[in-house]
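Engineer: Could you look at this predicted model? Sequence included:
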There are 2 protein chains.
Amino acid sequence: MPAFAKRMSQVRRSFIREILKVTADPSIISFAGGLPKPDLFPIGPMADAAARVLAENGPAALQYSVTEGEPELREWIAARYKARKNMDIDPANILVTSGSQQSLDLIGKVFLDPGDLLAVELPGYIGAIQAFSLFEPEFAGVPLTPQGPDIDRLTELLLTRKAKMFYAVPNFQNPSGMTYSLAARRAVAETLRVSDTVFVEDDPYGELRFAGEPMPPVSSFLPGGDGFMLGTFSKIVAPGLRLGWVAATPEAMPKLVTAKQASDLHSSTFVQRVLVRYLIDNDLDAHIATIKSVYGAQRNLMLERIKAEFPEGVTCTEPEGGMFLWVTLPEGCSAFDLFDLCIKEKVAFVPGGPFFVDGGGARAMRLNFSNADPDRIVEGIARMGRGIKALLAKTSCAAVA
Amino acid sequence: MPAFAKRMSQVRRSFIREILKVTADPSIISFAGGLPKPDLFPIGPMADAAARVLAENGPAALQYSVTEGEPELREWIAARYKARKNMDIDPANILVTSGSQQSLDLIGKVFLDPGDLLAVELPGYIGAIQAFSLFEPEFAGVPLTPQGPDIDRLTELLLTRKAKMFYAVPNFQNPSGMTYSLAARRAVAETLRVSDTVFVEDDPYGELRFAGEPMPPVSSFLPGGDGFMLGTFSKIVAPGLRLGWVAATPEAMPKLVTAKQASDLHSSTFVQRVLVRYLIDNDLDAHIATIKSVYGAQRNLMLERIKAEFPEGVTCTEPEGGMFLWVTLPEGCSAFDLFDLCIKEKVAFVPGGPFFVDGGGARAMRLNFSNADPDRIVEGIARMGRGIKALLAKTSCAAVA
């Protein structure tokens, strides 16, 4: 058989998606996925939008279209940057993609040569690590503190080691739930301004803030459209549409369009038109308010049950939005060992290791609260508490705890 | 500004899509595109399918799904291989993609290292050349004869020069309209069997045969699932869905799934479910019969008008299906010069040059007949006839003609 390309040896199948196969067993309560709550999908309004699009403009909605994306949708995205963040983004620099995952693939194609230094957060978003892996960069980690990335380390990577790219998720990060402070955003932007580094700011969860004040994107502190801002409709409308976007620099936009054209010509005309019809005909902010109310309550319940059920020495982030909590076990404990114990208890999560490009994260784990009903949160956290106690009772970390 | 990746210097934006911008002027009759006829899209049935999917299974249709594609759709595709070609394809080896263009991108990702020798047809499909360009292969051309590829040249490339991949469109090829004879299919398969070359058999038009007998895929002559068979719903249902597939070798399937996951997680759940609902609830063969009847009539009319309007010495293929004719001007003429003259006459086509990886094709051109109404075919071919006569009157090729 012919050999596979060298780049394929760099990439693993997503560990999370492998876990999802284990958790297909309905008796397992899973906090492992990263799924939005399907009860909240706007099914009726989407059906209305689909019917209207086909009735009013069916042939065009089913025909080939432009690579950049449907003009109305690009204008809607630009208008939302203006309304929510007071940013002037030219729709001409917005590329509609088949979800943020494709934005990552296209940016990797356009910028990354093998061996380029790519700075990512520790822990970092696993889908981005996977997407970029195919372009064979050298990954380097920037530890996250509760305020944001370690600026000394970031400065070393961007200025001394001339990193080609820095990929960041400053709002309610996946997996940690952490959010960059305003001061951290300014400090990151300062470092970026004096570097020659491509900045990729991914923001899938920014609209899902339950508490605190919205903060401006790091890119808003960069001069004239520097930085790539990624967005998605997966968390505010529905992921099964597979639609997101890149707000790109004017210089890179033509290259991204070329890469998109080579990759899939354009995203589905039909889905783009149904989505923009839905966005225009409905009150998205009211819909997002419902999502936030439900996710916020689930977050609160999960945090409350963790405090009640998990032993002392186990810590947890308290994110102001998004979909994930980040739990850290006492020194010496292994989240992989805990995973095995928890599967016996019929509860699942994602161990932290796969999120660390430096091999760290052994005692951390990610818990999803967006796609779990309250009764399953109560029961699942109780099961995890039993699992953690069993772990502490049998391993060396017990002494430390 | 940071430098773009080296691979981006290899790829051009599609010349065809640039032409499409010129032909946005409605006074220009365009034979340049490759669009299916939108009047034939099944708009009502698609609306019924969308309504039914959302009413019966809305949350799942809008949620994340598996990378491989919706199981019902993969089973439908496998069943069609059985029914139409008597081939046993395991649905487990079918990957749903966001159109054939993405199939090409994924196969390139999985197999092509920079510098790998990639054999393509002369002329060849421009979208494939563009998709593969990003993986920096060395292209080598295999001339097409009216029966199929030049087997001596193919043998040289596959056996002597150990080409990594051979990409072919054996049915009603884009751009030439040519179809491999049965003997050519066997000969190509013989060469492939003794090579270590990845065979990519693209078949977007195979279902659109107006005349003659269907022929088995080249891959059907290869042992046990060797070869990658690409298909698409763009020409038999609607391109705006952006759905196609790869029937892969069992060895490569996991790598393709990994590449797909890294590229866009999965194709739209919603569109996949709407499509398979449409396929199950409707008579696709009756729909395809309608398409074939319309395209066949348009092909006949275009050929008839070409014979009436084009001067002696201009030749044209007579394809038994598909969407394209291939016209060749007399020796010494330039299709690019003709393009300029024809734009003045308000008619457009695609000059042949961009379809040739060896720099050939100067006097050839592609005409699309699927997306032109009869009156525009009559008028457009008359305009082209005037353009060709003007070309012959003013250039050196006149003497040869």
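Structural biologist: Noted; the coordinates are in hand. Numbers count the residues shown, from 1 in each chain, chains lettered A, B, ... in the order given.
Engineer: all helices of the stretch 251-400 of chain A, in order?
Structural biologist: In the stretch 251-400 of chain A, the helices defined using DSSP state H, counting those that start in this stretch lie at A:253-264, A:269-281, A:284-309, A:335-344, A:374-394, A:397-400.
Engineer: Using PDB, write out every CA atom in the second one.
Structural biologist: So the one you mean is helix A:269-281. Extracted C-alpha coordinates of helix A:269-281, given in PDB (Å, rounded to 0.1, in the frame of the first residue of the first chain):
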ATOM      1  CA  THR A 269     -25.500  27.900   0.200                       C
ATOM      2  CA  PHE A 270     -28.700  26.400   1.600                       C
ATOM      3  CA  VAL A 271     -27.600  26.300   5.200                       C
ATOM      4  CA  GLN A 272     -26.100  29.800   5.000                       C
ATOM      5  CA  ARG A 273     -29.400  31.200   3.600                       C
ATOM      6  CA  VAL A 274     -31.500  29.300   6.200                       C
ATOM      7  CA  LEU A 275     -29.300  30.700   9.000                       C
ATOM      8  CA  VAL A 276     -29.400  34.300   7.900                       C
ATOM      9  CA  ARG A 277     -33.100  34.100   7.400                       C
ATOM     10  CA  TYR A 278     -33.400  32.800  10.900                       C
ATOM     11  CA  LEU A 279     -31.200  35.500  12.300                       C
ATOM     12  CA  ILE A 280     -33.200  38.300  10.500                       C
ATOM     13  CA  ASP A 281     -36.600  36.900  11.400                       C
END
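Engineer: Which elements pack onto that helix?
Structural biologist: Judged by 3 or more C-beta pairs under 8 Å, 6 or more residues apart in numbering or on different chains; DSSP states H and E, helix A:269-281 is in contact with helix A:43-62, helix A:71-85, helix B:269-281. Glycine gets a C-beta too; all of them are placed from N, C-alpha and C.
Engineer: Next, count neighbours for A:L182.
Structural biologist: Here the count is done by other C-beta atoms under 10 Å in any protein chain shown, and A:L182 has 13 residues near it.
Engineer: Let me have the helices of the stretch 251-400 of chain A in CSV, extended by mean pLDDT and mean neighbour count.
Structural biologist: As requested, the helices of the stretch 251-400 of chain A are exported to CSV (pLDDT from 0 to 100; neighbours: other C-beta atoms under 10 Å in any protein chain shown):
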stretch, mean pLDDT, mean neighbour count
helix A:253-264, 96, 24
helix A:269-281, 98, 23
helix A:284-309, 98, 16
helix A:335-344, 94, 18
helix A:374-394, 96, 19
helix A:397-400, 55, 14
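Engineer: can you list those helices in TSV and add distance to B:P36?
Structural biologist: Output for these, formatted as TSV (distance: least, C-beta to C-beta, whole Å):
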stretch	distance to B:P36
helix A:253-264	17
helix A:269-281	13
helix A:284-309	33
helix A:335-344	50
helix A:374-394	47
helix A:397-400	63
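Engineer: circling back to that earlier point, among the helices and strands packed on helix A:269-281, which comes closest to A:A289?
Structural biologist: Among the helices and strands packed on helix A:269-281, helix A:71-85 comes nearest to A:A289, with 13.7 Å by C-beta to C-beta.
Engineer: hmm, back to that, what's the most buried one of the helices and strands packed on helix A:269-281?
Structural biologist: Highest mean neighbour count among the helices and strands packed on helix A:269-281 (mean count of other C-beta atoms under 10 Å in any protein chain shown): helix B:269-281, with a mean of 23.
Engineer: gap between that one and the chain center?
Structural biologist: Its chain's C-alpha centre and that of helix B:269-281 lie 23 Å apart, by C-alpha atoms, centre = their mean, to the nearest Å.
Engineer: Likewise for stretch A:183-199?
Structural biologist: That offset, for stretch A:183-199, works out to 21 Å (C-alpha atoms, centre = their mean).
Engineer: neighbouring contacts of that stretch?
Structural biologist: Contacts to stretch A:183-199, defined as C-beta atoms under 8 Å, 6 or more residues apart in numbering or on different chains, come from residues A:107, A:111, A:119, A:147-149, A:151, A:154-155, A:158-159, A:162-166, A:168, A:170, A:180, A:215-219, A:221-223, A:226-228, B:1-2.
Engineer: cutoff 7 Å now
Structural biologist: By C-beta atoms under 7 Å, 6 or more residues apart in numbering or on different chains, the residues outside stretch A:183-199 that reach it are A:111, A:147-149, A:151, A:154-155, A:158-159, A:162-166, A:170, A:180, A:215-216, A:218-219, A:221-223, A:226-228, B:2.
Engineer: wait, which of the helices and strands packed on helix A:269-281 is closest to B:E207?
Structural biologist: That would be helix B:269-281 among the helices and strands packed on helix A:269-281, by C-beta to C-beta, at 12.9 Å.
Engineer: what angle do that closest one and helix B:43-62 make?
Structural biologist: Interaxial angle, helix B:269-281 versus helix B:43-62 (axes from the mean of the first three to the mean of the last three C-alpha atoms, to 10 degrees): 130 degrees.
Engineer: and the direction of helix B:269-281 versus that of helix B:71-85, what angle?
Structural biologist: Angle of helix B:269-281 versus helix B:71-85, following the same axes, to 10 degrees, is 40 degrees.
Engineer: Alpha carbons of stretch A:89-97, as PDB, please.
Structural biologist: The C-alpha trace of stretch A:89-97 is given here as PDB (Å, rounded to 0.1, in the frame of the first residue of the first chain):
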ATOM      1  CA  ILE A  89     -15.300  45.200  10.500                       C
ATOM      2  CA  ASP A  90     -15.600  45.400   6.700                       C
ATOM      3  CA  PRO A  91     -17.800  42.500   5.500                       C
ATOM      4  CA  ALA A  92     -15.300  42.100   2.700                       C
ATOM      5  CA  ASN A  93     -12.900  40.700   5.300                       C
ATOM      6  CA  ILE A  94     -15.300  38.200   6.700                       C
ATOM      7  CA  LEU A  95     -15.000  34.700   5.300                       C
ATOM      8  CA  VAL A  96     -17.900  32.300   6.100                       C
ATOM      9  CA  THR A  97     -16.500  28.800   7.000                       C
END
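Engineer: what's A:A248 in contact with, if anything?
Structural biologist: A:N93, A:L95, A:F228, A:L256.
Engineer: Checking the second one next. Helix, strand or coil?
Structural biologist: Assigned state for A:L95: strand (three-state reduction, DSSP: H, G, I helix; E, B strand; the rest coil).
Engineer: what's the neighbour count on the closest residue to it other than its chain neighbours?
Structural biologist: Excluding the flanking residues, the one nearest A:L95 by C-beta to C-beta, 6 or more residues apart in numbering or on different chains is A:V246, at 4.9 Å. By the measure other C-beta under 10 Å, the count of residues near A:V246 is 26.
Engineer: Just the local confidence number for A:V246, please.
Structural biologist: At A:V246, the model reports a pLDDT of 98.
Engineer: Neighbouring strands - and their directions - for the helix or strand harbouring it?
Structural biologist: In this structure, A:V246 sits in strand A:244-247 according to DSSP states H and E. Paired neighbours of strand A:244-247 in the sheet (DSSP bridges): strand A:94-97 (antiparallel), strand A:228-232 (antiparallel).
Engineer: Need the residues that contact the longest one.
Structural biologist: By C-beta under 7 Å, 6+ apart, the residues outside strand A:228-232 that reach it are A:99-100, A:103, A:107, A:199-204, A:217, A:219, A:244-249.
Engineer: From those, which land in helices?
Structural biologist: Using DSSP state H, A:S100, A:S103, A:I107 are the members of the contacts of strand A:228-232 that sit in helices.
Engineer: Now neighbour count, pLDDT and distance to A:R366 too, for those, in CSV please.
Structural biologist: Formatted as CSV, the ones in helices among the contacts of strand A:228-232 follow (neighbours: other C-beta atoms under 10 Å in any protein chain shown; pLDDT from 0 to 100; distance: C-beta to C-beta, whole Å):
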residue, neighbour count, pLDDT, distance to A:R366
A:S100, 28, 97, 18
A:S103, 30, 98, 22
A:I107, 29, 98, 24
